[in-house]
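> what's the 3D shape of this:
(one chain, ligands or ions: 1)
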Amino acid sequence: MATLRAGAALGLALIGLVLASLSGSCHGALQVGFYNGKCRVSDVEAIVAGVVAARFSKDPTVAPALLRMQFHDCFVTGCDASILLDGKSSEKTALPNLSVKGYDVIDSAKAAVETICPGVVSCADIIVMATRDAVSLSGGGRYRVETGRKDGLVSLASNVNLPPPSISVNDSIAAFAQKGLTVSDMVLLLGGHTIGIAHCSLFQDRLYNYQNTGKPDPTMDPSLASALRSTCPNKQTNVDNIVNLDQDPLSSSIVDNSFYKQILARRGILQIDQEIALDRQTKDIVGAIAGRLDFSTRFGEAMVKLGTLQNGAPGEIRQSCRAINTARRITMVQSVAKQLNMIVEILFGVMFMTKRKFTYGDGKNFANRRIMEN
Ligand code: HEM
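As a prediction, the model looks like this:
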C-alpha cells in the first residue's frame with residue numbers, strides 16, 4: 001500500500017513539474033535593462049541595435065515596418081510576439097497584417113542573440129528593442145525600453161481586432177481605452193504615421209466617393225486630393241500604389257511632429273488621421289503636439305506604454321520567433337510519458353506480486369489449485 005501511495009505521489013509530482021515548466025506566464029515584471037548581465041558580458045540591446053542599424057543603412061523602410069509591427073503585436077493579445085508565429089490561421093494571415101513587413105530583420109536579430117546566449121532573449125522583447133532602434137535611426141530620439149517579456153504560445157487570425165482606417169474617433173478612443181490607453185496616448189501613437197506609407201485601396205473612397213456621396217472627402221485639402229487621384233486612379237486594376245502617410249516631402253521618413261502639422265492643414269491620408277485633427281475630443285491634443293518640440297520624448301513614452309500591454313497567458317522564450325518550442329515540448333512530454341509508463345508498470349508489478357502472495361503465496365494453496373485444475 002505504501003509503495004502504491006509513493007508511486008502515485010511521484011506520478012502527480014511529475015505531472016505538476018511538466019505543467020509548471022510549460023506554463024511560465026507571458027506576464028513578467030518589465031524593467032529597463034532586464035538583460036543586463038544575463039548574456040555573459042554581451043550587451044543584448046547593442047546586438048539587436050547592430051542588426052537593425054545594418055538593415056536600416058540598406059533599407060530605411062524597415063523603420064516604419066517595425067513600428068507598425070510593434071503596434072500590431074501589442075494591440076492584439078499584448079506584446080507577446082504572437083504576430084511572428086507562422087501558421088495557416090495565425091495572426092500574420094489576418095487582413096491588416098498582410099502588408100506588415102520586417103519579419104526577416106527580427107529573425108536576424110534573434111539569430112544574432114541566440115548565437116551568443118541561447119534561450120535567453122524573447123522575440124517579444126526583440127520587436128520592442130528593434131522598433132526603438134528604428135525610431136531612433138529615423139530621427140525620433142532614443143527612449144529607454146522595458147524588457148522581460150515572454151513569447152506567447154497562441155496566434156490566431158480571429159484574435160486580430162486592429163482598428164480599420166475608416167474607424168471613427170469615438171470608436172478608436174474606445175478601442176484604445178480597452179487596452180488601457182488614454183486619448184492622449186492614442187493621438188501620440190497615431191504619430192507613428194509620421195513615417196511609412198499607405199496603399200491607395202485603404203483611402204481610395206476619400207478621393208472619389210466618400211461615404212457614397214459620389215464626391216471626395218470634403219475634409220481633405222482639394223489640391224492634395226487631386227494629386228492623390230493621379231497616383232491612385234479610380235480604376236479596377238491589380239496595382240495598389242502607395243503614398244506617404246506624412247505628406248511633408250521633407251519629413252516623410254523622419255520621426256517628428258510634421259505629421260500633426262500636415263493633418264492640421266487637412267493633408268491627412270487615412271480618414272482616422274484626418275479626423276483626430278478635427279474632432280473636439282482630440283484636436284487640442286493634435287494642436288499642442290504640432291506646436292511643441294517635445295514630440296520625440298512624448299512619443300517614446302507612449303511607445304513604452306504600448307509595450308506594457310500583456311495578457312497573462314502562458315509564455316516561453318522561443319528558439320525560433322516563427323514557431324513555439326514544440327520540438328522541445330514533445331521531447332519533454334515523451335520523456336515524462338516514459339517515466340509515467342515506468343511508474344504504471346511498477347504499480348502493476350506491485351499489484352501482481354501482492355495478489356500472487358494472497359492467491360499463490362503459500363505452497364498449499366498452489367498445490368490445491370493444481371489438484372483442482374487436474
Ligand atoms: C487607429 C489606429 C490605427 C489605424 C486605423 C492604422 C491604420 C494604418 C493603415 C491603414 C496603414 C497603411 C497600411 C498599408 O497600406 O499597408 C498604416 C500604416 C502604418 N501604421 Fe498605422 N494605424 C493605426 C495606428 C498605428 C499606430 C499606433 C502605429 C505605431 C505606433 C502605427 C504605425 C504605422 C506605420 C509606421 C505605418 C506605415 C507602415 C509601412 O510603411 O510599412 N499605426 N496604419
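
> OK, contacts around Asp86?
Shown here is Asp86, whose contacts under the criterion Cβ atoms under 8 Å, 6 or more residues apart in numbering are Lys92, Arg322, Ala323. All C-beta atoms are positioned from the backbone trio N, CA, C, and that covers glycine.

> what distance do you get for Ala111 to Val48?
When Cβ to Cβ, to the nearest Å is applied, the distance between Ala111 and Val48 equals 11 Å.

> got the contact list for the residue in the stretch 201-350 of the chain that the ligand sits nearest to?
The minimum distance from the stretch 201-350 of the chain to the ligand, using Cβ to the nearest ligand atom, falls at Leu202 (4.4 Å). Remark: with contacts taken as Cβ under 8 Å, 6+ apart, Leu202 is in contact with Pro165, Leu270.

> what sits against Val52?
Taking Cβ under 8 Å, 6+ apart, one finds Val62, Leu66, Val105, Ala109, Ala130, Asp133, Ala134, Leu137 in contact with Val52.

> and the residue lying closest to the third one once chain neighbours are set aside, which of the three is it?
Read it as Val105. If you skip the residues right next to it in sequence, Val105 has Arg55 as its closest partner in space, 4.9 Å away by Cβ to Cβ, 6 or more residues apart in numbering. In three-state terms, and counting by DSSP: H, G, I helix; E, B strand; the rest coil, Arg55 is helix.

> between Ala111 and Val48, which is the more surrounded one?
Neighbour comparison, Ala111 and Val48: the larger count goes to Val48, with 27 against 12 (by other Cβ atoms under 10 Å).

> how about the residues of the stretch 1-150 of the chain by the ligand?
Residues of the stretch 1-150 of the chain lying close to the ligand (Cβ under 6 Å from any ligand atom) are Pro64, Ala65, Leu67, Arg68, Phe71, Ser99, Lys101.

> what helices and strands are in contact with the helix or strand hosting the fourth one?
Right, Arg68. Element membership for Arg68, per DSSP states H and E: helix 62-74. Using 3 or more Cβ pairs under 8 Å, 6 or more residues apart in numbering; DSSP states H and E as the contact test, the elements touching helix 62-74 are helix 44-58, helix 103-116, helix 123-135, helix 295-306.

> adding distance to Asp284 and mean pLDDT, write those out as TSV.
As requested, those are arranged in TSV below (distance: least, Cβ to Cβ, whole Å; pLDDT from 0 to 100):
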stretch	distance to Asp284	mean pLDDT
helix 44-58	35	98
helix 103-116	37	98
helix 123-135	25	98
helix 295-306	15	98
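
> do you know how far the residue of the stretch 201-350 of the chain closest to the ligand is from Asn241?
Counting by Cβ to Cβ, the gap from Leu202 to Asn241 is 11 Å.

> one more: Leu162?
From Leu162 over to Asn241 the distance is 22 Å, taken as Cβ to Cβ.

> just Val286 next, same as before
Between Val286 and Asn241 the computed distance is 27 Å (Cβ to Cβ).

> comparing those two, which residue is more hemmed in?
For Val286 versus Asn241, the count of surrounding residues by other Cβ under 10 Å is larger for Val286: 23 against 14.

> residues contacting the more buried one?
Val286 makes contact with Val187, Tyr260, Ile263, Leu264, Ile276, Ala277, according to Cβ under 8 Å, 6+ apart.

> show me the chain divided up by domain.
Split into domains by automatic domain parsing, the chain comes to 23-196+245-316, 326-373.

> please state the offset of the longest one from the chain centre?
I take that to be domain 23-196+245-316. Shown here is domain 23-196+245-316, whose average C-alpha point lies 9 Å from the average C-alpha point of the whole chain (Cα atoms, centre = their mean, to the nearest Å).

> got the residues of the stretch 201-350 of the chain near the ligand?
Going by Cβ under 6 Å from any ligand atom, the residues of the stretch 201-350 of the chain near the ligand are Leu202, Leu245, Leu270, Ile272.

> closest to Ser251 out of the residues you listed?
Leu245 (11.0 Å; Cβ to Cβ).

> circling back to that earlier point, any idea how many residues pack against the residue nearest to Val105?
Other residues lying near Arg55 total 24 when counted by other Cβ under 10 Å.

> and the gap between it and Val62?
5 Å.

> identify the contacts common to the two.
With contacts defined as Cβ under 8 Å, 6+ apart, the residues adjacent to both Arg55 and Val62 are Val105.

> number of nearby residues for Val183?
Around Val183 there are 17 residues (other Cβ under 10 Å).

> how far away is it from Leu309?
As for Val183, its distance to Leu309 is 17 Å (criterion: Cβ to Cβ).
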